[in-house]
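J.: Sequence and predicted structure, then a few things I'm wondering about:
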Amino acid sequence: MPQVVVQKWLESESNWGTSPDGYSIHLTEADLEVYIRDYWSKMPNEVQDVYSRPDGKPYMADVDETTFAMVKASKSGLREYYAKPPGSGGTDGWLVLS
C-alpha cells in the first residue's frame, strides 16, 4: 500500500478551548511544510476567535490507491475534518474513535 504523511490538527476557540479538528495528508514532509505555510499565509495577522493549527508530530500511514491518487492530484495535500485519521494516529495525542 502507498504511504502518506499524516498531520493532525487542533481547533482553538476563545472562551471554549481546544478540540480535534481533523487531519491533513501529504505525499512528503516537504508538501506538509508547504501546506502549513499556505494555511498560515491566508490567516489575518490578528489572532482569530476560532482557528486551527497543526497538532503533534506528523506520522506515516498506509492509504488505499484511490486516496493516494487524490493526494497526488492535490497541490500539497488534502484536509479531512470529520473522520478518523489513517494509520495509528501517531504517538502523541488524540485519535478520533468513530
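T.: That came through, no problem. Numbering: from 1, shown residues only.
J.: Point me to the residue sitting farthest from the middle of this protein.
T.: Distance from the C-alpha centroid of the chain peaks at Asn15, with 23.7 Å (C-alpha atoms, centre = their mean).
J.: Which pLDDT value goes with it?
T.: For Asn15, the pLDDT comes out at 85.
J.: What are the buried residues along the longest helix along the chain?
T.: Longest helix of the chain, by residue count under DSSP state H: helix 29-41. Neighbour counts using 16 or more other C-beta atoms under 10 Å place Asp31, Leu32, Tyr35, Ile36, Tyr39 of helix 29-41 among the buried residues. Backbone N, C-alpha and C define where each C-beta goes, glycine included.
J.: Now tabulate the residues you listed in TSV and tack on distance to Met70 and pLDDT.
T.: Shown next, in TSV, are the buried residues of helix 29-41 (distance: C-beta to C-beta, whole Å; pLDDT from 0 to 100):
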residue	distance to Met70	pLDDT
Asp31	13	97
Leu32	16	97
Tyr35	14	97
Ile36	19	97
Tyr39	19	95
